[in-house]
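> Sharing a sequence plus its predicted fold:
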Amino acid sequence: MDLAVPGIVICILNRRCIVVDVKKPNMIIKLMLREFSTVISKDVGYSTCNRIILFPIFIKDELVQNAQQHKNTPKGSNGFHVSWITMKEMASFSSIVVLLFFFKIHVIQGYYYDKGIVQTITKCPGYYCGRYQIPGDNETSLWSSCGPCPTGSRVNSTWACTECTSSPTAYDWMYLCFMVVIGLLAQWYSIDTMLPNSQFSWKTFGTHFSALIETCLSACITLLVHEPLGSLQLRSCTVKHLSDWYTILHNPNPNYEEVLHCAQEAVYPLYSIVFVHYGLSVFMLFFVRPWANKALQNRGHVASRPIYAALYLYPILALIHGIMAGLIYYAFPSIIILLSLMSHAFHFASRTDQSWRALLYETVSCIHNLVVVIGHWVLHGFGLVALTLWLQPELLAAILTLVPLPTFLYIVLSRFTDPGKFHSD
């Protein structure tokens, strides 16, 4: 009557399945036959056995005779209760068992893995839990318990933590450039809105150039301090799924016994490197901007307001990156295209004269406006390149020729969108 699984005894009692742990005779679970698929127990179940399968062979004469002999006994000598079952109940149970095997349904399916340090690598639960080699006695190597992989490595198909040796793809580099450019554009926008003279001047140009130098220096230093050290190249892990950015949400809980905390940077260093860059940008802001303000003779609020704005902007950008990094990674081409179009339209809509001649003349004659328009073209082209990386170069070049199209469309069609031309009946 014992199953192949140690410590488990199963018998039939009035259309109920009794699961008994021999080590704990008092722990008895009675389940209706129709509830076989919902067996969950803390004391008897996943933690006790790996798999329980019911065979019709367990229903035999010895069980019936045993039930007759112990009809009035609450418990048998072997730790479980038995009682009389009719032939109709036996036939009903046999039919259900045959159906279970026909559809290949396991009544109880547990997850088993080796806990602690092992000599040979074995499987680990979850998507990101793995084992890494640790030194052992007698110059032998052991494998650690299941957990997060060290920084710069991620788990492979054999549950071993392997070091990431690949280089970032072109799309990865464009993502990093996008995160750098967002910080720079935020600074430039704050400088434009907070300086008293928004038109072109040497002070305005110098402040913008100072922000550009700060961003470039922080970006270069960020690359130099990452592996390989002292090089502008990067060693990274390949991004495979959106979940790679949110490993903290995928900590496994095998058999509902304990949670394995396997949170790690599976996209190393695409997640952490942005925080390093923003931190260095704040440091460069304090290091470079005072010298630039002194050379440009910016004093008072003209010098301090852009600095205060940057001190607010970088923590906000870091918070957004920390929460939405994975979504931004897959959506940044569309984001930058939409933002460039919206900003482009806002720039032209702020003009007093909306005639096509005035718009064209102010764009060409004013250096500030010309730089703004060209900047929008660059951002728009950057988004198109990132969005069409998988296309052929000829097709990509044809798409880039359409970058100035939004500017010309606005200038030509602006007279048709004048609110004064719309009259109510």
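Alright, I've got the coordinates.
> Which parts of this protein are strands?
Taking DSSP state E to define them, one finds strands in the chain at 8-13, 16-21, 24-32, 51-52, 108-109, 133-135, 141-143, 153-155, 161-163.
> The last one pairs with which strands, and in what direction?
So that's strand 161-163. Sheet pairing for strand 161-163, assigned by DSSP bridges, gives strand 153-155 (antiparallel).
> Now tell me what touches the partner strand from outside.
When contacts are taken as Cβ atoms under 8 Å, 6 or more residues apart in numbering, the neighbours of strand 153-155 outside the stretch itself are 124, 127-130, 132, 149, 161-164, 237, 264, 266, 268. To be clear about C-beta, it is placed using only N, CA and C from the backbone, and glycine gets the same treatment.
> Off-centre distance for it?
Relative to the centre of its chain, strand 153-155 is centred 15 Å away, using Cα atoms, centre = their mean, to the nearest Å.
> Where does pLDDT dip in the stretch 301-425 of the chain?
Under the criterion of pLDDT under 70, the regions of the stretch 301-425 of the chain flagged as low confidence span 390-393, 418-425.
> Any stretches of the stretch 101-250 of the chain with poor pLDDT?
For the stretch 101-250 of the chain, the stretches with pLDDT under 70 are 101-110, 196-200.
> list the contacts for the residue nearest the centre of the chain?
Residue closest to the average C-alpha location in the chain (Cα atoms, centre = their mean): residue 245, at 2.4 Å. When contacts are counted by Cβ under 8 Å, 6+ apart, residue 245 touches 239, 266, 267, 271, 325, 326, 329.
> Residue 238 too?
For residue 238, the residues meeting the contact criterion (Cβ under 8 Å, 6+ apart) are 164, 166.
> Next one: it from residue 351, what distance?
Relative to residue 351, residue 238 is positioned 47 Å away (criterion: Cβ to Cβ, to the nearest Å).
> ok, the residue nearest to residue 344 when sequence neighbours are not counted - how many residues close by?
The shortest distance from residue 344 to any residue other than its chain neighbours is 4.5 Å, reached at residue 376 (Cβ to Cβ, 6 or more residues apart in numbering). When neighbours are counted by other Cβ atoms under 10 Å, residue 376 registers 22.
> coming back round to it: quick one: which of the contacts of residue 245 sit in helices?
Under the assignment DSSP state H, the contacts of residue 245 contribute 325, 326, 329 to helices.
> residue contacts, the second one?
The one in question is residue 326. Here residue 326 is in contact with 242, 243, 244, 245, 246 (criterion: Cβ under 8 Å, 6+ apart).
> Can you tell me, leaving aside adjacent residues, what's nearest to the fourth one?
Right, the one you point to is residue 245. Skipping the residues right next to it in sequence, residue 245 comes nearest to residue 326 by Cβ to Cβ, 6+ apart, at 2.9 Å.
> got it, and the third one?
Spatial nearest neighbour of residue 244, excluding adjacent residues (Cβ to Cβ, 6+ apart): residue 266 at 4.2 Å.
> who's in contact with the one you found?
With Cβ under 8 Å, 6+ apart, residue 266 has these contacts: 128, 154, 237, 244, 245, 247.
> Recalculate using a threshold of 6 Å.
Contact analysis of residue 266 by Cβ atoms under 6 Å, 6 or more residues apart in numbering lists 154, 244, 247.
> can you give me the helices for this protein?
Assigned by DSSP H, the chain shows helices spanning 61-69, 87-102, 170-194, 202-224, 272-296, 301-349, 356-365, 367-387, 393-400, 405-413.
> okay if I get those as a markdown table plus distance to residue 137?
Supplementary listing: the helices of the chain in a markdown table, determined by distance: least, Cβ to Cβ, whole Å:
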| stretch | distance to residue 137 |
| --- | --- |
| helix 61-69 | 51 |
| helix 87-102 | 48 |
| helix 170-194 | 42 |
| helix 202-224 | 40 |
| helix 272-296 | 35 |
| helix 301-349 | 42 |
| helix 356-365 | 76 |
| helix 367-387 | 52 |
| helix 393-400 | 58 |
| helix 405-413 | 69 |
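> just to revisit the earlier point, would you show me how to pick out the buried ones of the contacts of strand 153-155 in ChimeraX?
Per 16 or more other Cβ atoms under 10 Å, the buried members of those correspond to this ChimeraX selection:
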select :124,127,128,129,130,132,149,161,164,237,264,266,268
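> and the residue nearest to residue 283 when sequence neighbours are not counted, how many residues sit next to it?
Distances taken as Cβ to Cβ, 6+ apart place residue 218 nearest to residue 283, at 7.4 Å, with adjacent residues excluded. When neighbours are defined as other Cβ under 10 Å, residue 218 has 24 of them.
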